Structure formats: C-alpha cells, structure tokens
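Asker: Build me a model from this:
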Amino acid sequence: MSNHVPKCAAYAAPALILFLCVACPFSGPGTIGGPCREDSDCDDELSCNSLETCEEQICRAGTPPCGTSDDDCALCDEDDDWCVAECAADADCDDGDECTTDSCDGCSCGHSAVDCDDGLFCTGTETCDSQEGCLSGDSPCVADLMRDEKTGKCVICLETADCDDADLCTEDECEDNVCVNTDVQCPQDEVCVDGVCREFCTSDAVCDDGDACTDDYCDSDQFCFHEPYDCDDGDLCTDDECVDGYCISTETDCDDGLFCTGVETCDPAVGCVSSGDPCPAPPPFDPCAYCCIHGCDEQSDECLVGSGHGWAYLTIDTDDLVCGARDVVFDASLFETADGTLVNTLNDEDSIDGGEGTDTLDVQFTGTGPLTITPALLAGVEIIELENTVEYPMTLDLVNAEAVHTVSNKNTAVDGGDLFVTNVLVAPTDFGWADGTERFTVDVAGVALSGTSDSATLTVSGVVDVDDETVITVQPEDVGSGYETITIVSPGDVPNRVRRVTGGNGTSLATVNFSGSALFTLEAELDETVTTIDAGETTGDVAIPIHVSPGPITCIGGSGDDTFDFSASAGRYGTADTIGWGLRYGRSGARR
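Answerer: Below you'll find the model as predicted:
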C-alpha cells in the first residue's frame with residue numbers, strides 16, 4: 001500500500017466530508033497562459049519579450065520594449081537590456097559585397113544591387129564581381145577594330161594616332177575611319193632612312209654637301225649622312241656656333257632688359273643668373289605697408305617705397321599711420337562689432353600723415369547724440385569726405401589739419417543729421433554736397449579768408465530740399481571777410497533743389513556763379529552783399545530768387561530756361577531804381 005498522499009484528498013466522516021488541500025505548484029516562472037496569483041509569478045526574467053502581467057490568475061504577455069510595428073526600428077539587446085537600431089549611417093551596413101549598394105534609412109540596413117551598365121557599346125556587357133566590383137565586358141568588335149560610339153559601328157581607326165605603323169618613313173593618317181600610310185616622298189636618287197631622305201653613295205666624297213660645318217660620310221649601308229659639327233664647349237656662358245668650318249664662341253648676353261629682375265650675371269655651370277628684385281621689401285611692421293605700395297615699377301624703372309595709390313582702413317583702436325608719396329585713401333568707415341553695433345573708427349587719438357600726393361580721409365559718423373571728433377593729427381591730407389548716418393548733428397574739428405583744400409558732404413539724408421566742419425586752417429577751394437537733405441556748415445579760420453579775392457566751387461548732386469533744411473554755409477569763424485566768389489556747379493541730369501547757399505558770418509560775398517547741365521533751384525535769397533549772379537556757363541535751367549540789395553544787381557542767364565525771381569524784392573525797387581541783367585546766350589525770364 002502506498003504511503004503517498006494526494007495533494008488534494010477527501011476524507012469521510014460520519015456526517016461531514018472534508019477536503020484537505022495543500023498548495024498546488026504553478027507550471028513554472030513566466031509561462032504565458034499558466035496560472036498565477038500576482039505579476040511576479042509570470043516574470044520569465046527576460047528583458048526583450050516584454051514585462052509579463054497576471055490577469056484573472058492567468059499569465060499574460062506584455063508589450064515588447066523595443067516595439068513590434070514596422071515603424072519601430074530598434075532591436076532589443078538582451079545582454080545589455082538596451083534597445084538599439086540596426087544602423088545609424090550607411091557605413092554601418094557594409095556587407096563586404098562590392099556588388100551591392102549599402103544604405104541605412106536611420107533604422108535598418110538596405111542592400112540593393114549595383115548597376116554596372118556604363119551605357120557604352122564598346123565596353124561590352126558589364127558584370128559584377130563581389131570582390132572587384134563592376135568589370136567591363138569584351139569589346140563587341142573583332143580584333144584590330146574599334147567601336148565608334150557616335151555611329152555604333154566597328155571601325156579601323158578614330159584618329160591619326162590609331163594608324164601609327166611605327167615606320168618613320170610613312171605619313172600616317174586616319175581618313176573616314178580607315179588608316180592611310182603613305183611613303184615619305186624623297187627627291188630622285190634618295191630614299192627614306194629612319195624618317196630622313198638620304199642619297200645613295202659609294203664613297204664619302206659623293207656625300208659632300210658643300211657645307212664646311214657638316215661631317216659628310218657614306219655609311220656601311222651606302223647612304224649619305226651629314227652630321228653638324230658639335231661646337232659646344234661646355235661653357236653655359238658662351239654661345240657656340242660653326243662658321244665656315246670653325247667653331248666660334250661668343251660671350252652670352254644675360255641682360256633681359258628688365259629693371260625689376262636686378263643685375264644679370266653668368267655662371268659657366270648654370271648659365272645666366274639674376275640678382276633678383278632690386279627694391280627693398282617693406283619692414284616687418286610698417287604702418288604704411290598696408291596702405292601704400294612697396295615694390296618695383298617696371299614702367300618707370302624705380303622702386304616704390306611707401307608710395308602708390310593705396311587704401312588704409314582705420315580701426316576702432318588708436319591709429320598712427322604714416323605714408324609716403326602719391327595718393328592714399330584713409331577709410332574711416334563704421335566698424336560693426338560682434339553684437340552688431342556700429343562704432344566710429346575715427347577718434348580723437350588718431351594720427352594720420354599722408355605725406356606727399358593727394359590723400360583723402362573718408363569718414364562715416366554714428367552716435368547716440370551730438371558728437372565732435374578732433375583727430376590728433378591730419379597732416380598731408382588734402383580731401384575730407386564726410387557722411388552722417390544718424391539723426392544727430394556731427395562735427396569734425398580740423399584744428400590739427402593744415403592741408404585740406406576740399407571738403408565734401410557725401411550724404412546727410414538722415415533727418416536731423418546736420419554736418420559741421422570747424423577750425424579749417426586753410427580756406428578750401430572746393431566743396432561737395434551729394435544726396436543730402438540736411439544742413440552742411442564749414443567754418444574757416446578768419447585769417448585764411450582775409451584776402452579780397454577768395455573763391456570756392458560748390459558741386460551739388462542729388463540734393464533735395466525736403467523740409468527747408470538743405471542749407472550750406474561756408475563762412476569765417478567770426479563776422480568779417482569771407483569768400484568773395486562762390487561758383488555753384490550742378491552736373492549731370494538730376495535736378496538739385498537747395499534751400500539756401502550763404503557766406504554766413506562773411507561780409508564780402510559779392511559774386512555767385514552757376515554752371516552745369518542739371519536744373520538748379522535756389523529757394524531762398526542769396527546774401528544781401530551779392531551784386532552779381534552769373535549763370536552764363538549753364539546749359540541746364542536755373543531758378544534764382546533775387547534778394548534785396550543796397551545796390552544794383554547784375555543777372556546773367558545761360559542757354560537754358562533761366563528764371564530770376566524779383567518778387568521777394570517787391571516794394572524795394574521804385575521808379576528811380578534800375579534793374580538790369582545781361583544775356584550771354586540763350587534766353588531768360590524775369591518775374592516781379
């Protein structure tokens with residue numbers, strides 16, 4: 001009788017049947033579909049097949065951690081418990097087969113067959129070797145023929161080189177894809193030998209060509225040869241030649257006729273040698289080295305040391321620039337910092353010496369309020385060009401400049417952006433005003449305008465009076481003698497409209513001349529001291545309001561339709577006054 005007791009056994013009692021049950025084991029850890037009491041009973045201790053759960057005392061599979069759909073590209077790494085993609089770049093998909101193109105779509109690898117067809121008939125049918133890649137097939141043309149890709153035909157030749165028969169005594173050509181090898185034609189009694197026509201001979205005497213500088217002989221094959229005498233003496237400093245049977249050597253002339261290659265000499269072993277550039281190189285650090293030309297000028301046979309037309313860029317730091325002869329432009333344009341802020345490059349500490357030549361300082365202004373810049377030195381700078389880029393008045397003080405003769409306002413189109421130039425020590429003879437709408441004032445030292453015939457030219461271009469602000473004033477610093485004559489030039493074909501041109505503090509402006517081809521309109525009267533308005537040199541129209549003058553006024557028109565408007569003087573002139581104007585040419589009108 002077995003002592004084995006069933007796990008679940010029933011025992012009889014007089015009035016009661018008792019069932020005694022011991023714990024029944026589960027089918028095993030993580031068995032999907034097996035019985036369970038809690039989630040831990042279903043854990044199969046594997047990461048890549050999801051986290052199992054116990055639902056209604058039955059083990060259920062979970063969701064795989066790395067996805068199951070086509071959109072899920074990660075693979076599960078059981079060893080590291082990590083989801084990884086099959087590839088990140090094409091290089092991860094290299095299968096070592098030269099006949100596949102391996103690619104990665106960011107998730108999984110793809111391998112497509114390589115197309116070896118090069119589209120050419122003459123290379124035959126291409127095949128692919130997994131180790132060597134694409135291989136050309138056999139030519140479809142039979143031996144000694146080649147394929148013409150243009151016509152698709154097998155031909156003998158495509159070019160002359162295909163017809164070379166290695167015979168120097170034939171002329172080889174490819175004509176209509178057929179080789180033609182024609183014998184070299186030699187004079188009578190001569191044959192071609194190694195590409196040279198030679199005559200038959202029986203002795204050396206027969207081969208004499210009458211040239212004393214050739215060695216004539218009959219070779220063993222009974223052909224004449226004429227070998228030139230070798231007069232080379234091995235000295236590269238001599239020119240060797242044969243003259244009447246004698247070798248003559250003359251000294252080689254090494255002079256190449258160029259200044260900038262220096263002095264030429266001769267070395268018997270290497271020949272002519274040049275001493276090189278005769279001009280000194282710029283010093284390691286020379287402020288002029290980047291703004292002026294250093295070098296050799298072949299046309300003038302001279303060294304350009306600190307000369308030439310150059311361009312120097314000022315920095316936001318203190319600049320100390322010294323340049324030599326000829327023309328230099330010192331560019332003081334605005335500098336843009338890393339954060340996009342525009343700052344001035346010309347400042348009070350800058351020192352500039354342009355030296356000889358005609359030098360220009362080109363300045364842009366910016367700022368958050370009115371500003372005056374007084375450079376420490378502006379020596380040898382003749383031309384000042386200015387541009388105000390903001391709505392605040394800007395001033396350039398030229399108290400440390402002694403050579404300025406031209407001052408130009410390149411652009412003051414910003415509302416409120418007036419420009420002032422002060423302490424000009426020498427009376428400028430030229431002023432420029434381009435694309436401006438604001439005030440432009442130049443103050444000249446009184447002593448510079450103390451003469452009785454000071455004159456200047458004002459050239460205007462694209463000046464438009466928008467709000468009665470286009471006023472140019474060229475004046476002495478204090479009340480007194482100023483310019484006596486100002487000539488206004490209006491070139492081109494773009495009309496200019498100026499509110500006023502005035503001598504300011506000056507009390508001596510007597511003559512205002514006009515010239516140019518563009519319409520020039522002056523909106524406000526000239527100074528009362530002006531007695532002559534001469535537009536005789538103009539080809540364009542002028543419109544000038546005539547001011548109240550204590551004396552007679554002379555008005556001269558040009559070849560355009562000129563208008564002298566006397567309406568502002570109404571009531572000043574009476575029957576006892578005479579108003580007259582001369583007409584040099586053309587026609588003019590007067591309005592009263």
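
Asker: Every contact and neighbour count from this point should use C-alpha atoms.
Answerer: OK.

Asker: Strands along the stretch 451-592 of the chain, start to end?
Answerer: Taking DSSP state E, counting those that start in this stretch to define them, one finds strands in the stretch 451-592 of the chain at 455-461, 471-476, 485-489, 496-498, 500-502, 511-516, 520-522, 532-538, 542-545, 554-557, 561-565, 580-583, 587-591.

Asker: out of those strands, nearest to residue 351?
Answerer: strand 471-476 (26.1 Å; Cα to Cα).

Asker: got JSON lines for the strands of the stretch 451-592 of the chain, with distance to residue 212 and mean neighbour count too?
Answerer: JSON lines is the format used below for the strands of the stretch 451-592 of the chain (distance: least, Cα to Cα, whole Å; neighbours: other Cα atoms under 10 Å):
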{"stretch": "strand 455-461", "distance to residue 212": "80", "mean neighbour count": "21"}
{"stretch": "strand 471-476", "distance to residue 212": "89", "mean neighbour count": "24"}
{"stretch": "strand 485-489", "distance to residue 212": "81", "mean neighbour count": "21"}
{"stretch": "strand 496-498", "distance to residue 212": "87", "mean neighbour count": "22"}
{"stretch": "strand 500-502", "distance to residue 212": "92", "mean neighbour count": "21"}
{"stretch": "strand 511-516", "distance to residue 212": "80", "mean neighbour count": "21"}
{"stretch": "strand 520-522", "distance to residue 212": "88", "mean neighbour count": "23"}
{"stretch": "strand 532-538", "distance to residue 212": "82", "mean neighbour count": "23"}
{"stretch": "strand 542-545", "distance to residue 212": "89", "mean neighbour count": "22"}
{"stretch": "strand 554-557", "distance to residue 212": "90", "mean neighbour count": "22"}
{"stretch": "strand 561-565", "distance to residue 212": "90", "mean neighbour count": "20"}
{"stretch": "strand 580-583", "distance to residue 212": "91", "mean neighbour count": "14"}
{"stretch": "strand 587-591", "distance to residue 212": "91", "mean neighbour count": "15"}
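
Asker: Which of those sits closest to residue 117?
Answerer: Between residue 117 and the strands of the stretch 451-592 of the chain, the shortest separation by Cα to Cα is 67.8 Å, and it involves strand 455-461.

Asker: in its sheet, what does that closest one sit against?
Answerer: Take DSSP bridges as the rule and strand 455-461 pairs in its sheet with strand 430-434 (parallel), strand 485-489 (parallel).

Asker: With mean pLDDT and distance to residue 520 as extra columns, can I get those strands in JSON lines?
Answerer: Rendered in JSON lines, the data for those read as follows (pLDDT from 0 to 100; distance: least, Cα to Cα, whole Å):
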{"stretch": "strand 430-434", "mean pLDDT": "92", "distance to residue 520": "13"}
{"stretch": "strand 485-489", "mean pLDDT": "96", "distance to residue 520": "9"}
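
Asker: just so I know, which of those lies nearest residue 424?
Answerer: Smallest distance to residue 424 across the strands paired with strand 455-461 (Cα to Cα): 12.6 Å, for strand 430-434.

Asker: Now do whatever helix or strand comes next after that closest one: which elements does it pack against?
Answerer: Moving toward the C-terminus from strand 430-434, the first helix or strand encountered (DSSP states H and E) is strand 440-444. Taking 3 or more Cα pairs under 8 Å, 6 or more residues apart in numbering; DSSP states H and E as the contact definition, the neighbouring helices and strands of strand 440-444 are strand 419-424, strand 471-476.

Asker: is it true that residue 303 lies in a helix?
Answerer: No - the secondary structure assignment for residue 303 gives strand rather than a helix, going by DSSP: H, G, I helix; E, B strand; the rest coil.

Asker: which stretches of the stretch 101-250 of the chain aren't confidently modelled?
Answerer: Along the stretch 101-250 of the chain, the parts satisfying pLDDT under 70 run over 121-122, 139-144, 147, 149, 152.

Asker: swap that for the stretch 301-450 of the chain, sorry
Answerer: 304-310, 324-326, 412-416.

Asker: And the helices in it, which stretches?
Answerer: Here the stretch 301-450 of the chain has no helices by DSSP state H, counting those that start in this stretch.

Asker: on that earlier part again, any chance of the strands paired with strand 455-461 in CSV, with distance to residue 468 too?
Answerer: Putting the strands paired with strand 455-461 into CSV (distance: least, Cα to Cα, whole Å) gives the following:
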stretch, distance to residue 468
strand 430-434, 16
strand 485-489, 19
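
Asker: dump the residue contacts of residue 316.
Answerer: Counting by Cα atoms under 8 Å, 6 or more residues apart in numbering, residue 316 makes contact with 335, 343, 344, 345, 346, 347.

Asker: likewise residue 392?
Answerer: Contacts of residue 392 by Cα under 8 Å, 6+ apart are 367, 368, 369, 370, 371, 416, 417, 418.

Asker: what about 7 Å?
Answerer: Residues in contact with residue 392 (Cα atoms under 7 Å, 6 or more residues apart in numbering) are 369, 370, 416, 417, 418.

Asker: The residue nearest to the fourth one when sequence neighbours are not counted - how many residues pack around it?
Answerer: Spatially, and ignoring its direct neighbours in sequence, residue 417 is nearest to residue 391 (4.2 Å; Cα to Cα, 6 or more residues apart in numbering). The local packing count at residue 391 equals 19, with neighbours defined by other Cα atoms under 10 Å.
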